[in-house]
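**Q** how would this look folded up:
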Amino acid sequence: MRARELVSDVPFTRESIYELPRPAASVDTVVCLEVLEHLGDPEAGLRELARVTQRHVILSVPREPLWRLLNMARGAYLRDWGNTPGHLSHWSRKGFLRWASTVFDVVAVRCPIPWTIVLAKKRDARE
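**A** Coordinates of the predicted model:
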């Protein structure tokens, strides 16, 4: 894993988002960046993140259709209408907030081009 070569004093593991080897509510905050759009079952991934976090998640996904338009503007993935290989799910800002809100309470949203980034709280989390 390249990360180990770059930062040798930090432990890195590769785990399935569908079955994280952690007890329920065992971490304070989960950060999941640029992953959900690659999942065949993103709902299961989101539920697993909710299972392991005590309080918060930080989630990011490419903002559609802007992501595809920017890819096409640079001449990338034209045959796939700008869809990056491996992107199985696509969300607009509004759609992603609606979807994330099925499991979490959205606390804050930032939209640096071309992403949607969300800070959300587990529904039963205490402050």
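**Q** mind listing the strands for this protein?
**A** 27-33, 53-62, 104-110, 115-122 (DSSP state E).
**Q** I'd like the ones you listed laid out as CSV, including mean neighbour count.
**A** Bear in mind the C-beta positions are built from the backbone N, C-alpha and C, glycine included. Output for those, formatted as CSV (neighbours: other CB atoms under 10 Å):
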stretch, mean neighbour count
strand 27-33, 15
strand 53-62, 20
strand 104-110, 13
strand 115-122, 20
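**Q** For these, give me TSV that also has mean pLDDT and distance to residue 4.
**A** Below are the strands of the chain laid out as TSV (pLDDT from 0 to 100; distance: least, CB to CB, whole Å):
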stretch	mean pLDDT	distance to residue 4
strand 27-33	95	19
strand 53-62	97	23
strand 104-110	98	30
strand 115-122	98	26
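**Q** can you put those in a markdown table and add distance to residue 44?
**A** Formatted as a markdown table, those follow (distance: least, CB to CB, whole Å):
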| stretch | distance to residue 44 |
| --- | --- |
| strand 27-33 | 13 |
| strand 53-62 | 15 |
| strand 104-110 | 15 |
| strand 115-122 | 17 |
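**Q** among these, which is nearest residue 10?
**A** strand 27-33 (13.9 Å; CB to CB).
**Q** got the angle between the closest one and strand 115-122?
**A** With axes from the mean of the first three to the mean of the last three CA atoms, to 10 degrees as the basis, strand 27-33 and strand 115-122 are set at 160 degrees to each other.
**Q** Put the alpha carbons of strand 27-33 into CSV.
**A** Coordinates of each C-alpha in strand 27-33 appear next as CSV, following Å, rounded to 0.1, in the frame of the first residue of the first chain:
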residue,chain,number,x,y,z
VAL,A,27,-15.3,5.4,17.0
ASP,A,28,-16.2,9.1,17.6
THR,A,29,-16.1,10.2,14.0
VAL,A,30,-15.9,8.3,10.7
VAL,A,31,-14.4,10.0,7.6
CYS,A,32,-15.6,8.5,4.3
LEU,A,33,-14.2,10.5,1.3
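**Q** In the sheet, which strands lie alongside it, parallel or antiparallel?
**A** strand 53-62 (parallel) (DSSP bridges).
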